[in-house]
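Trainee: sharing a sequence plus its predicted fold:
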Amino acid sequence: MACYPLNVNTRGSKLSYAIRGMQHHLLAINMLYGCTIASLLIVLQACQLLEPKHSPDTPHSVLVDVLYATDREIEYTDDNLLAAKYSSERSKLTFGMSRVSINTHKNTETRVSDETHWVKDDTYDIGDPAASIETLTPLDIKETVDVINQKVENSSDRTALVYVHGYAKDFDEVIRYFASYMYEIDYLGVPFVYSWPSKGSSLAYIADMTNSEWSASNFYYFLSKLAEINSIEKIHLVAHSMGNGALLSALSRIKHEQAQFPEWQIGEIILIAPDVDKGIFERDYVPVLESTGSRVTLYVSSNDFPLKISKIVHRHPRLGDSRSDPIIFNNIQTIKVSTENALAKNHDYYREEGGVLSDVHYLLNHDLDANDRPYLVAEDTVDGRFWHLFVD
């Protein structure tokens, strides 16, 4: 077997992920059984098989259409490039569609696909012209429904995915992030982002918390309208950070006002780094989530700096902070993400870390349970099972 040093550029290939996965499984075995496996780890760390690599093509772009619902105020309209601009002020609920150009900066081997795993390029950042908004067009409800029906008709995936962002995000940033995220995980359904009036600054935490709570009623109305579209078979719900509050509040309202969840199917429910009171979640929202009949996936981390600060502000543990005992609830699959990334970025590990992107890809696109998804390492405790996801 030929061995090559780690500086060989296999980052992003299925081989590098396989080796990383083997390392993590060996580490888990060592922790559980006390086996001496240092020599095996050294071999895996010192060598990599060299895979054939294509020369990078000239950077090219792809266009990703993203539908949006927002209760932000429209600042101005422009008949040329951008047809709308949204502020951080509150307004009535409106709809629209954005077309985002994504400069891939990658060859086809580095994206998520059935055969390979995608790892985010170190140079791929929102500050880079990797994602830019080409058009931003307001739509009324009828136009929005027509667009959704057309997209469902032209796709093999008859699902919609609704994403609720976290705090300190302006509208354009949310659209660019979300479009890039949909491209990265290779989602083929109808992508929909719900943008509440965040102030777009980490210094406006209290104002953002207030606005996210104010927006919960509008989000509920939006979900009820989306559920009326017969062409959509399932609606996946994904929330990050403070956006989890609006999502959980809407689900709770559906349960209490309709006695049971309507006939339309809720697909996956994915809660990422939730800035939600852990005690309130366990008391009020776990029963609501159980009543949906959907699979619920909770991503947590012990190295999430903003959630550490949030705990100090609220004086109670946050759901996405796993520094204490593992957060395990009945019928919820908890994924503990272990990362050594910069503290300022750790709250956004869901889009910064290739391992998390790959895990979401297999969850949404292949309907794989946590027990079946690659590179998750299960750990059983007296309270139940959770899974480790080790990322660089």
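Mentor: Here it is on my side, so go on.
Trainee: mind giving me the domain ranges of this structure?
Mentor: According to automatic domain parsing, the chain is divided into the following domains: 1-53, 56-390.
Trainee: so what's L161 closest to, chain neighbours aside?
Mentor: Excluding its sequence neighbours, the residue lying closest to L161 (Cβ to Cβ, 6 or more residues apart in numbering) is H236, at 4.4 Å. Every C-beta, even on glycine, is put in place using the N, C-alpha and C of the backbone.
Trainee: correct me if wrong, but the one you found is in a strand.
Mentor: Yes - assignment of H236 by DSSP: H, G, I helix; E, B strand; the rest coil places it within a strand.
Trainee: okay, now it: neighbour count?
Mentor: Residues lying near H236 (other Cβ atoms under 10 Å) number 22.
Trainee: cool, I102 as well?
Mentor: 20.
Trainee: look up the pLDDT of it for me, please.
Mentor: Listed pLDDT for I102 reads 91.
Trainee: hmm, back to that, which of the domains of the chain has the lowest mean pLDDT?
Mentor: Here the lowest mean pLDDT among these goes to domain 1-53, at a mean of 39.
Trainee: and N149, what helix or strand is that in?
Mentor: helix 141-153 (DSSP states H and E).
Trainee: which residues touch the helix ranked longest in the chain?
Mentor: Secondary structure of the chain per DSSP state H: the longest helix is helix 205-227. Helix 205-227 has contacts (Cβ atoms under 8 Å, 6 or more residues apart in numbering) with 69, 71, 90, 93, 141, 160, 162, 164, 167-168, 192, 194, 196-199, 232, 235, 242-243, 245-247, 249-250, 253-254, 262, 264, 310, 313.
Trainee: can you say which of those residues are buried?
Mentor: Listed as buried from the contacts of helix 205-227 are 69, 71, 93, 160, 162, 164, 167-168, 192, 194, 196-199, 232, 235, 242-243, 245-247, 249-250, 253-254, 264, 310; burial here means 16 or more other Cβ atoms under 10 Å.
Trainee: filter these down to the ones in helices?
Mentor: Going by DSSP H, the helices hold 243, 245-247, 249-250, 253-254, 310 from the buried ones among the contacts of helix 205-227.
Trainee: how close does P287 get to L271?
Mentor: P287 sits 15 Å away from L271, going by Cβ to Cβ, to the nearest Å.
Trainee: same question, L357
Mentor: The gap separating L357 from L271 is 17 Å, by Cβ to Cβ.
Trainee: over to L289?
Mentor: 9 Å.
Trainee: okay, and the common contacts of these two?
Mentor: V296.
Trainee: please identify which of the two sits among more neighbours.
Mentor: Using other Cβ under 10 Å, the more surrounded residue of L289 and L271 is L271, with 27 against 24.
Trainee: quick one: the more buried one is in a strand?
Mentor: Yes - L271: assigned to a strand according to three-state DSSP.
Trainee: quick one: residues contacting it.
Mentor: 239, 244, 247, 296-299, 319-320.
Trainee: between the residues you listed, which is closest to L368?
Mentor: T297 (10.8 Å; Cβ to Cβ).
Trainee: would you mind measuring from the closest one to H366?
Mentor: Distance of T297 to H366, computed by Cβ to Cβ: 14 Å.
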